[in-house]
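Enquirer: 3D, please:
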Amino acid sequence: MNPDNNIEQNVLEILKSDDPVLKTETLYNLTFEEVDNEIVKIVIQLITDEDKSVRNAASNFLIQNGNPSIPASVIDFISSTDISIRNLAGEILLRKGVESLDAICKRLPEIKDDDDIKFLVDILGLIGDKSPEDLIIDILTVNQNENVIVACIEALGNIYSEKGVEKIIDF
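Expert: Okay, here's the model as predicted:
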């Protein structure tokens, strides 16, 4: 019998329970622990919990924990109709910083909703890393939505893009 499996099973049971105090305490205790993807999947769902302390603890966990699957798993929530969940997902991606870049850049070309594209481009600009420069220029070149165009121009400015200057002048 593996004691680690028992601990993991207990953690999963607590995170799936109806006790917000116990869930919150468990999340704060797990924040800096190495956890598997199954626990991360459960925690990600907790950012939609009706209890604000659970949402905050889940958000803190997702920002602070080093599990590399977190950014890619959080991205789906940027499409939420609940603005608080959408903003929480954005904050997690932003606070994860460069750890979020790969997940955002892989996902952006698949997204069709202009509001979601703008939201993610804003986050890329705020992260401030130059690596998504070509992707932002591509979006600027093909997207016709005024809000997305402005977000791309702002993001290119935030990352000090020299490549984007010519495209920006066109606008």
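
Enquirer: where exactly do the strands run in this protein?
Expert: With DSSP state E as the criterion, the chain has no strands.

Enquirer: could you list the low-pLDDT ranges of it?
Expert: The chain contains residues with pLDDT under 70 at 1-6.

Enquirer: quick one: contacts for Leu100?
Expert: No, residue 100 isn't Leu; it's Ser. By Cβ atoms under 8 Å, 6 or more residues apart in numbering, the residues touching Ser100 are Pro71, Leu93, Leu94, Ile123, Ile127. C-beta here means a position set from N, CA and C on the backbone, and glycine is covered the same way.

Enquirer: buried members of these into ChimeraX, please.
Expert: Those of the contacts of Ser100 that count as buried under 16 or more other Cβ atoms under 10 Å are selected in ChimeraX with:
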select :71,93,123,127
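
Enquirer: restricted to helices, list the contacts of Ser100.
Expert: Residues of the contacts of Ser100 located in helices (DSSP state H): Pro71, Leu93, Leu94, Ile123, Ile127.

Enquirer: need these in JSON lines (columns: distance to Asp114).
Expert: Below are those laid out as JSON lines (distance: Cβ to Cβ, whole Å):
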{"residue": "Pro71", "distance to Asp114": "22"}
{"residue": "Leu93", "distance to Asp114": "18"}
{"residue": "Leu94", "distance to Asp114": "20"}
{"residue": "Ile123", "distance to Asp114": "15"}
{"residue": "Ile127", "distance to Asp114": "20"}
